[in-house]
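Colleague: Give me a model of this one.
(chains A, B, C and D)
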There are 2 protein chains.
Amino acid sequence: MPTSSNISAGYRRLTEHGIKPSLQRLAIMDYLMEHRTHPTVDAIYSELSPSMPTLSRTTVYNTLKLLVDKGAVLQITIDEKNCRYDAATEPHSHFRCIGCGSVEDLSIAPPMISPALLGGREITDTELYLLGYCPSCAATRRKG
Amino acid sequence: MPTSSNISAGYRRLTEHGIKPSLQRLAIMDYLMEHRTHPTVDAIYSELSPSMPTLSRTTVYNTLKLLVDKGAVLQITIDEKNCRYDAATEPHSHFRCIGCGSVEDLSIAPPMISPALLGGREITDTELYLLGYCPSCAATRRKG
DNA sequence: TTTAAAATTGTAATTATTACAAATCTGATG
DNA sequence: CATCAGATTTGTAATAATTACAATTTTAAA
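Modeller: Residues are numbered from 1 along each chain as shown, chains lettered A, B, ... in the order given. Okay, the predicted model is just below:
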């Protein structure tokens, strides 16, 4: 069933943030909005590369930097190995399994911090990261 | 004024966590307990190297990995460039200025999440990261 | 068309981290 | 004290993530 418009959610997100929607930017933005997997740069590149053979890894880096700078996507640093990217807009938190490395959303809004506790700092982003074992890894640990 | 004992806080922290207190481990642990600056590997190496000329960067990496694995210090991933380390034990949060890059403690306990919201995940660590502008960088931005 | 600016690309460089084998240290034992 | 095994440290080389940068391509205005 076709939607009422072929202007993608990614297109809207880009233009809303003052980003010119080139083919590459659109592909990356759409990918992030359709795959809430907190992908790494390499994951995005590997996924898009087949259907966009001229895509360069550098473009993925450049684009993600632009998207983050313009506030169109969020950079997640829960994984010390490499950055991950998230296009979700609702307040939520992240969980990383220290067994298998998966990163998942939790629908838990990070706490709102009262200005009194912030000593004049201006907060632009609040990230709540939970680390531990996913159900499957927790079970494995208990058994063998 | 001498204290009642020359066994350092670092020594105690190491042995409490089942870590044999070698000279290098002790120096690193003491450094972390005396400098609550969330130093990077390189900062620790650069600070200790003069008074411990044979110290190797690899040893700093090895030791921090050991300390983190044994739960003697915390690894902070608020800075996407490199890991930082924290020996504080009281529940607290971290702030990073996106202007100047400084990382500071905030005496705000991360929220306790009810098991019902965690879907069988076992949480071992909760990190609350606030990003924004420190008072000085905020002022600079407003003016020029 | 022409042209200038913006965007993309590929390569090379840089930086953080890890792998690993050799050297050194430690502490127990004869 | 001398020996020895295991643990620890060290330096170098390898890997991985990211950035710098110059050349090419695309875009869109004149």
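Colleague: Please make it C-alpha for all contacts and neighbour counts, starting now.
Modeller: Will do.
Colleague: Stretch A:118-132 and chain B in contact?
Modeller: Yes: if you take CA under 8 Å from any CA of the partner chain as the test, stretch A:118-132 does meet chain B, through A:118-132.
Colleague: Neighbour-wise, which one of the residues you listed leads?
Modeller: A:L130 (27 neighbours; other CA atoms under 10 Å in any protein chain shown).
Colleague: where's the closest residue to A:M33 other than its chain neighbours relative to A:G101, distance?
Modeller: Excluding the flanking residues, the one nearest A:M33 by CA to CA, 6 or more residues apart in numbering or on different chains is A:A87, at 5.6 Å. Counting by CA to CA, to the nearest Å, the gap from A:A87 to A:G101 is 20 Å.
Colleague: State the distance from A:E90 to A:I108.
Modeller: For A:E90, the distance to A:I108 - CA to CA - is 10 Å.
Colleague: Of the two, which one has the most company?
Modeller: More neighbours surround A:I108 than the other of A:E90 and A:I108, with 15 against 9 (other CA under 10 Å).
Colleague: Is that one part of a helix or strand, or is it coil?
Modeller: Using DSSP: H, G, I helix; E, B strand; the rest coil, the structure places A:I108 in coil.
Colleague: quick one: contacts for the nearest residue to it once chain neighbours are set aside?
Modeller: Leaving out its chain neighbours, the residue that sits closest to A:I108 by CA to CA, 6+ apart is A:H92, at 5.0 Å. Contact analysis of A:H92 by CA atoms under 8 Å, 6 or more residues apart in numbering or on different chains lists A:D105, A:L106, A:S107, A:I108, A:A109, A:P110, A:L128.
Colleague: same thing with A:L130?
Modeller: Per CA under 8 Å, 6+ apart, neighbours of A:L130: A:S93, A:H94, A:F95, A:R96, B:I123, B:T124, B:D125, B:T126, B:E127.
Colleague: please redo it, this time with the cut-off set to 7 Å
Modeller: Shown in contact with A:L130 (CA atoms under 7 Å, 6 or more residues apart in numbering or on different chains): A:H94, A:F95, A:R96, B:I123, B:D125, B:T126, B:E127.
Colleague: Need these in JSON lines (columns: pLDDT).
Modeller: Formatted as JSON lines, these follow (pLDDT from 0 to 100):
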{"residue": "A:H94", "pLDDT": "98"}
{"residue": "A:F95", "pLDDT": "97"}
{"residue": "A:R96", "pLDDT": "96"}
{"residue": "B:I123", "pLDDT": "97"}
{"residue": "B:D125", "pLDDT": "96"}
{"residue": "B:T126", "pLDDT": "97"}
{"residue": "B:E127", "pLDDT": "98"}
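Colleague: from these, which single one is nearest DNA strand D?
Modeller: Checking the contacts of A:L130 against DNA strand D by CA to the nearest atom of the strand gives A:R96 as the nearest, at 16.3 Å.
Colleague: Point out the residues in chain A that sit beside DNA strand D.
Modeller: Taking CA under 7 Å from any atom of the strand as the measure of proximity, chain A contacts DNA strand D at A:S22, A:L23, A:T40, A:V41, A:T58, A:Y61, A:K81, A:N82, A:C83.
Colleague: Per-residue pLDDT of A:G144, please?
Modeller: Looking at A:G144, its pLDDT is 67.
Colleague: Same check on A:Y129?
Modeller: Reported pLDDT for A:Y129: 98.
Colleague: so A:T124, which of the three states?
Modeller: Assignment for A:T124 (three-state DSSP): strand.
Colleague: Quick check, pLDDT for it.
Modeller: On pLDDT, A:T124 comes in at 95.
Colleague: Quick check: bridge partners of the nearest residue to it once chain neighbours are set aside?
Modeller: Distance criterion CA to CA, 6+ apart; nearest residue to A:T124, sequence neighbours excluded, is B:G132 at 4.8 Å. B:G132 forms beta bridges with A:I123, B:C97, as assigned by DSSP bridges.
Colleague: which residues touch B:G132?
Modeller: Neighbouring residues of B:G132 by CA under 7 Å, 6+ apart: A:R121, A:E122, A:I123, A:T124, A:D125, B:R96, B:C97, B:I98.
Colleague: switch the cut-off to 10 Å
Modeller: With contact set as CA atoms under 10 Å, 6 or more residues apart in numbering or on different chains, B:G132 has these partners: A:121-126, B:95-99, B:101, B:138.
Colleague: Tell me where chain A has helices.
Modeller: Per DSSP state H, chain A carries helices over the ranges A:9-16, A:23-34, A:41-48, A:57-69, A:135-143.
Colleague: Can you list the buried residues in the third one?
Modeller: By neighbour count, and taking 16 or more other CA atoms under 10 Å in any protein chain shown as the criterion, the buried residues in helix A:41-48 are A:V41, A:I44, A:Y45, A:L48.
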